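J.: one predicted model, sequence on top.
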Amino acid sequence: MSYPENFRGIEIAPLLEAVKASGKAILDIYATDFDVEIKGDDSPLTAADKAANEVLMSYVASYTPEIPVISEENKEVAYKERKPWSTFWLIDPLDGTKEFIKKNGEFTVNIALIENGAPILGVVYQPTTNTFYLGISEEGTWKIDTEANVTRLEKNPHYLSLDSVKVVASRSHLSDEVLAFVEELKSQGKEVDFLSAGSSLKFCLVAEGKADVYPRLGPTMEWDTGAAHAVALGAGRNVYIAGENTPLSYNKEKLLNPFFIVA
């Protein structure tokens, strides 16, 4: 089994190579006693975030110079400038910086291609396990493990149809709203198994069927979710705004996401 070699003129192999190279840049720093900066929004920043971003920006400049970029580590692009962008790259070079700092391995590299507000291509890479998740919304999602084995992820039943539900939530951002979500499931007579994971790996657990639902009832930014959203879509999952039947969308005036459910 294999994944497509090309999507919309973008060759997949160089994209995966660039993502892996950014992961190597992260691991090179992960092995050291690195410093931690605090950004204006009180989120942590390390040299690994910057190094991985440089690798991905170099890939974009070399292979798709015509496609603009929104990245967590780039200077913010004014809405007036980016509003007309029908297609753009959305990058989080190191999602799960808190996991990186804790050295628990649950951090990822994320790059997504967004078209008309929706993710159509996404790669999530976990450097510590050398594992890729490649999502192409129109074609499927594939997991590529450290032995280069390729597995296509299949659609699993919706959590509301199950008697026993595996709920995945953030290891660093567990909220009262998520606990209330779990209690609501229990009140419906469902048995709930609670899983914890860091970064965009939570989307990937749902895409794989290792978890049934991911309620993100706390703040995230667009770059936190774009790539993993594509992974979920390719695996037959959906990402909806909590309490609505509206898909999560991208390139909003404010890049802060509303609360959402992956199922």
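T.: Yes, it's here.
J.: where along the stretch 101-250 of the chain do the helices fall?
T.: With DSSP state H, counting those that start in this stretch as the criterion, the stretch 101-250 of the chain has helices at 176-187, 201-208, 222-234.
J.: what's the spacing between the shortest one and its chain's center?
T.: Using CA atoms, centre = their mean, to the nearest Å, the distance from the centre of helix 201-208 to the centre of the chain it belongs to is 9 Å.
J.: any idea how far the residue nearest to the spatial centre of the chain lies from L160?
T.: Per CA atoms, centre = their mean, the C-alpha nearest to the average position across the chain is that of A228, at 3.2 Å. Relative to L160, A228 is positioned 21 Å away (criterion: CB to CB, to the nearest Å). For the C-beta atoms, the positions are set from N, CA and C on the backbone; glycine is no exception.
J.: out of the helices of the stretch 101-250 of the chain, which gets nearest to D33?
T.: Proximity to D33, assessed across the helices of the stretch 101-250 of the chain by CB to CB, is greatest for helix 201-208 (25.2 Å).
J.: buried ones in the closest one, by neighbour count?
T.: In terms of neighbour count (16 or more other CB atoms under 10 Å), helix 201-208 has its buried residues at L201, K202, F203, C204, L205, V206, A207, E208.
J.: pLDDT score for the fifth one?
T.: What that stands for is L205. Turning to L205, the model gives it a pLDDT of 97.
J.: surely it touches A211?
T.: Yes - counting by CB atoms under 8 Å, L205 does reach A211; the two are 4.1 Å apart.
J.: overlap in contacts, these two.
T.: Between them, L205 and A211 share the neighbouring residues V168, L195, with contact defined by CB atoms under 8 Å, 6 or more residues apart in numbering.
J.: what's the most buried one of the helices of the stretch 101-250 of the chain?
T.: Mean neighbours per residue, mean count of other CB atoms under 10 Å, is largest over these for helix 222-234, with a mean of 29.
J.: and that helix, what does it pack onto?
T.: In this structure, helix 222-234 packs against strand 69-71, strand 87-95, strand 108-115, strand 118-126, strand 131-136, strand 140-144, helix 201-208, strand 239-241, with contacts taken as 3 or more CB pairs under 8 Å, 6 or more residues apart in numbering; DSSP states H and E.
J.: from E76, how far out is G40?
T.: Counting by CB to CB, the gap from G40 to E76 is 11 Å.
J.: got it, and P157?
T.: Here P157 is placed at a distance of 40 Å from E76 (CB to CB).
J.: could I get stretch 124-134 in CSV with only the CA atoms?
T.: Listed next in CSV are the C-alpha coordinates belonging to stretch 124-134 (Å, rounded to 0.1, in the frame of the first residue of the first chain):
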residue,chain,number,x,y,z
VAL,A,124,1.8,15.6,11.2
TYR,A,125,5.1,14.2,12.2
GLN,A,126,6.3,12.9,15.6
PRO,A,127,10.1,13.2,15.6
THR,A,128,10.7,11.0,18.7
THR,A,129,9.0,8.0,17.0
ASN,A,130,9.7,8.9,13.4
THR,A,131,6.0,8.6,12.6
PHE,A,132,4.2,10.5,9.9
TYR,A,133,0.5,11.0,9.4
LEU,A,134,-0.3,12.2,5.8
